[in-house]
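Peer 1: give me a model of this one.
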Amino acid sequence: MRDTPRPAPGGDLDTPEAIAEMVRRFYADVAQDDLLGPMFNDVARVDWSDHLPKLTAFWCRALLGLPGYQGNPFRAHLFVHAQREFTAAHFERWLTLFHETIELGWTGPSADRARVLADNVARVHSHQLVGRAVSVESGAPS
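Peer 2: Predicted coordinates:
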């Protein structure tokens, strides 16, 4: 269940404000998800007020080329995986929610690039952590 009603898709992910809203919507869904929520909230114990700006900076760098993101996403996932193992289902669900968030909110070249990047992130991290590279076909309807 979504935290707030969503407006019809409009605009692209071409400003830091649009990206911040996408990140907020997506991770609100992740935090409430039956499969992903426990990994983020109970295992990783994510402080969302601290984490959302980092995630926004990651996507702003990836989509807009803006400086500001410093981090190693794989290392963070490896740390969580050591506490409770990820499964392919975790990555598939993450990818499904990501695609749904984009499809419900944004259209345009940057939104398309965000989907491709999310596909790559899910594929690489799932392959490295669980030995199976998930894809849009296995994880998210498009």
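
Peer 1: how about the most centrally placed residue in the chain: what's its closest non-neighbour residue?
Peer 2: Closest to where the C-alpha atoms of the chain average out (Cα atoms, centre = their mean) is Phe98, at 5.5 Å. For Phe98, ignoring the flanking residues on the chain, the nearest one in space by Cβ to Cβ, 6 or more residues apart in numbering is Ala118 at 4.5 Å. Bear in mind the C-beta positions are built from the backbone N, C-alpha and C, glycine included.

Peer 1: go on, Asp12?
Peer 2: Gly108 (3.0 Å).

Peer 1: for Pro16, same thing?
Peer 2: With Cβ to Cβ, 6+ apart as the measure, Cys60 is the residue that lies nearest to Pro16, at 5.3 Å, once sequence neighbours are left out.

Peer 1: in this structure, what helix or strand scores lowest on average pLDDT?
Peer 2: Least confident helix or strand of the chain, by mean pLDDT, DSSP states H and E, is helix 136-139 with a mean of 53.

Peer 1: rewinding a little: and the residue nearest to Phe98, how many neighbours?
Peer 2: 23 (other Cβ atoms under 10 Å).
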